[in-house]
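Novice: Next input, structure requested:
(one chain, ligands or ions: 1)
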Amino acid sequence: MKSILDFLKNKMKSVSFSRQDAVVNPLCCEFEVNNWVISDFIIHKLVPIVGVHPYPINEQCLMVASVCTLKPTHVFEWGTNLGKSARIFYEVAHRFGIETQIFSIDLPDDIEHVEHPKEKRGIFVKNLQGVNLLLGDGLESSLKEYNTIKQHNKCTPLFFIDGDHSYQSVKRELLGITSTVPEASILLHDTFFQSPESGYNIGPYQAIKDVVTDAHNYKIIRQDLGLPGMTFLYKK
Ligand SMILES: C[S@@+](CC[C@H](N)C(=O)[O-])C[C@H]1O[C@@H](n2cnc3c(N)ncnc32)[C@H](O)[C@@H]1O
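Specialist: Sure, this is the predicted structure:
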């Protein structure tokens, strides 16, 4: 009997803990989150669903923190692949009561890409309310949706770039977003930097370095302890 009561007590503690607001000092111009609330949510909710690949725990922390802090009305993300990142954004919004529409884009089936998921596209987000799966080029489709939404609704967007990881692609995507939506906050995946001798693809890292200047006025948070690496460019 005692052990059942202890179990329930612990369960309640964990639930109320994770339902706390994850943002600390929201009016401050700096970014601050409650790492315990976020960790609890990731360990008990996200990891059982999406695992730790391709997004290790430190990167999931940044994804959760960015949504909790910005409370984006819309998330534009590519590529969809299995839909794990879209599922993370969906679960964060759901848990922390953030009303957001998610647009997740991958290339059409007839376009060849080494990472194209084919019939597995979006399996983690199939039939979830508020998740819109689109086919096309990520940047073009997102900006088209953004421009339509903007005509009638308030739009505080978060972009997540995780498509083709070549230097040229990421540079084009960053230039496209920053020139069309200067107020946008942007998360990018696979941005770890190691010296070129490592043989790693440092295209996304280099693209950020070349595109983002002081004039953009971005604050930057990096998760770069090792591969794959994630960078958050934000305006608060
Ligand atoms: C590394 S996977 C993304 C992982 C995914 N976010 C997830 O949560 O599972 C890269 C994906 O980007 C897609 N892709 C590549 N170039 C693209 C583009 N220009 N527009 C949209 N999707 C693209 C690929 O087809 C592939 O499915």
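Novice: which helices and strands does the strand or helix carrying residue 39 pack with?
Specialist: Counting by DSSP states H and E, the element that carries residue 39 is helix 35-41. Here helix 35-41 touches helix 2-18, helix 57-70, going by 3 or more C-beta pairs under 8 Å, 6 or more residues apart in numbering; DSSP states H and E. Placement of C-beta: from N, CA and C, glycine included.
Novice: Which of those has the lowest mean pLDDT?
Specialist: Of all those, the minimum mean pLDDT falls on helix 2-18 (a mean of 52).
Novice: what number of residues lie near the residue of the chain found nearest the ligand?
Specialist: Closest contact between the chain and the ligand, by C-beta to the nearest ligand atom, is at residue 79 (2.1 Å). The local packing of residue 79 (other C-beta atoms under 10 Å) involves 22 other residues.
Novice: list the contacts for residue 70?
Specialist: Contacts here follow C-beta atoms under 8 Å, 6 or more residues apart in numbering; on that basis residue 70 touches 156, 158, 185, 234, 236.
Novice: how long is stretch 226-236 end to end?
Specialist: Start-to-end span of stretch 226-236 (C-alpha to C-alpha, to the nearest Å) is 27 Å.
Novice: Now for the contacts of residue 70, which sits with the most neighbours around it?
Specialist: residue 158 (25 neighbours).
Novice: Unless I misread the structure, that residue falls within a strand.
Specialist: Yes - under DSSP: H, G, I helix; E, B strand; the rest coil, residue 158 sits within a strand.
Novice: Skipping adjacent residues, who's closest to it in space?
Specialist: What sits nearest to residue 158 in space, not counting adjacent residues and going by C-beta to C-beta, 6 or more residues apart in numbering, is residue 72, at 3.8 Å.
Novice: hang on, that neighbour packs against residue 156?
Specialist: Yes - the criterion here is C-beta atoms under 8 Å, and residue 72 meets it with residue 156 at 5.3 Å.
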